[in-house]
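Visitor: Okay, sequence plus prediction incoming.
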Amino acid sequence: MSTLKFMNGHGGAKITNGTINGDAHVHKDVFHPEIGHRYTYESLQETVEFLRSKVPYLPEVGVICGSGLGSLAECLDNPIEISYDCIPHFPRSTVKGHVGALVFGFMSGLPTVCMKGRFHYYEGYPLWKCCMPIRIMKLLGVSHLFITNAAGGLNPSFRVGDIMFVKDHINLMGFAGNNPLQGPNDERFGPRFPPMNQAYNREIIKLANKVAKDIGLGDRVHEGVYTCLGGPNFETVAELRMLQMLGADAVGMSTVHEVITANHCDMTVFVFSLITNECIVEYESLAKPSHEEVIDVGTQRENSLKQFVKELLKQIFENRIGTK
Ligand SMILES: O=P(O)(O)O[C@@H]1C[C@H](O)[C@@H](CO)O1
C-alpha cells in the first residue's frame, strides 16, 4: 500500500513511498514502431485517474516551481503532497532544488496543484516527456498555468533578484527541429499547427505589473523575452552575446517547451523568471555562474515571490482574466 502521512500543523497529507498497492512503480510510455516512445491520451488518463483517487477536488490553477522556487508550494493551504515516484508514468526529478512532488492545495482559496520540481532536457528527458505534467494538469481541469524559472539576465539593466514577466520567447531548440509537439498530433489536446503569437496572456502581465507595484516590488520587475538552451552547461561569452543580439532578455534551460504544450491545449499562461545571475558577456570577468548561486537567490526572494503569486492569483480570478 502507498502511505498517506498527515503533515504536522498543515492539516495536509503526504504520499511518499515508491510503491502503489505494493508494486514497485513502473515508468511506462508507449512505443510506436515508426516514431519511438510517446505518451498516449489513454496512458495519461491512468495518471489522471490515480491522482483523482488521491485528491478529493480538481485543481483550476497549476504552478511550476523553478530552480530554488519550490517554496512557492508553501502558499498552499491543506497541502496533499504526492511524490513523483508514486505517480504512474511520471518521470523522476534528478536536479538539486527540484524536490520531485506534486502538491495539491488551496492558494488564495483556489484549488491548485504545484509541481515542486520540473523536468529538463539536459536530464536526458525528451521534450515531450518534460512536458507530460502539463497535459496531466490540463486533464485534471487546470485552466491557468503559472510557470516560474530561474534565469540569467542578458539585459544589462537587470539586477540579480529582479523578476522578469515573460512576454515572448525565442524557441532556439525549436529552430533546430526539437519541439514537444513533434510526433503524432492528438486533436483531443489541440491542433496540429497551434499559433504562438499570444502565448503569454497580456492582461495578466498588465495586472502583474500593478500587483508588483502595490506590494512594493515595482522597481524590481521588467517585461522581457526569454530563451531556453538545452544545458546543462552555462553559456559561453560568445553565445551570450549572440543571444543579446537576437533580442533575448533572459536565458534559461526550461519553460519554452512547457509554454508551447500549455498553449497547444488552450491553457491561460503566465510566466516569470527570477533573475538569479547576471550573464557574463566580458572575457575579462572572472565571475562564474553556479547552480548554488541560482538556488540561493531563489531562497532570498521566496517571501516576496510568495506574496506576489498569491495576490496575483487572487486578482486574476476576481477579475476573471483568461477564463475561457
Ligand atoms: O528549472 P529552471 O529553469 O528554473 O532551472 C534553471 C535552469 C537550470 O535547470 C538551473 C541552472 O542553475 O536553473
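Guide: Happy to help now that I have it.

Visitor: Can you pull the residues of the stretch 51-200 of the chain lying near the ligand?
Guide: Gly66, Ser67, Val95, Arg118, His120, Asn149, Ala150 (C-beta under 6 Å from any ligand atom). Every residue, glycine included, has its C-beta placed from N, CA and C.

Visitor: how many neighbours does the third one have?
Guide: As a burial measure, Val95 scores 18 neighbours (other C-beta atoms under 10 Å).

Visitor: my guess is it contacts His120, does it?
Guide: Yes. With contacts counted by C-beta atoms under 8 Å, Val95 reaches His120, the gap being 6.5 Å.

Visitor: Looking at the residues of the stretch 51-200 of the chain next to the ligand, which are in strands?
Guide: Asn149, Ala150 (DSSP state E).

Visitor: Pipe the residues of the stretch 51-200 of the chain next to the ligand into CSV and attach distance to Gln307 and pLDDT per row.
Guide: Listed next are those as CSV, based on distance: C-beta to C-beta, whole Å; pLDDT from 0 to 100:
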residue, distance to Gln307, pLDDT
Gly66, 17, 97
Ser67, 20, 96
Val95, 26, 92
Arg118, 22, 97
His120, 28, 97
Asn149, 19, 98
Ala150, 19, 98
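
Visitor: Closest residue of this structure to the ligand?
Guide: In the chain, the residue that lies nearest the ligand is Gly66 (2.8 Å; C-beta to the nearest ligand atom).

Visitor: Contact partners for that residue?
Guide: Applying C-beta atoms under 8 Å, 6 or more residues apart in numbering to Gly66 gives the contacts Arg118, Ile147, Thr148, Asn149, Ala150, Gly252, Ser254, Thr255, Ser273, Leu274, Gly298.

Visitor: Repeat that for His32.
Guide: Shown in contact with His32 (C-beta under 8 Å, 6+ apart): Arg38, Gly183, Pro184.

Visitor: Say whether the ligand is contacted by the longest helix belonging to the chain.
Guide: Determined from DSSP state H, the single longest helix within the chain is helix 291-318. Yes. Between helix 291-318 and the ligand, judged by C-beta under 6 Å from any ligand atom, the touching residues are His291, Val294.

Visitor: Does anything pack onto that helix? Which helices or strands?
Guide: On a contact count with 3 or more C-beta pairs under 8 Å, 6 or more residues apart in numbering; DSSP states H and E, helix 291-318 meets strand 101-107, strand 110-116, strand 144-153, strand 163-170, helix 202-214, strand 268-278.

Visitor: Could you rerun that using 7 Å?
Guide: Helices and strands touching helix 291-318, as assessed by 3 or more C-beta pairs under 7 Å, 6 or more residues apart in numbering; DSSP states H and E, comprise strand 144-153, helix 202-214, strand 268-278.
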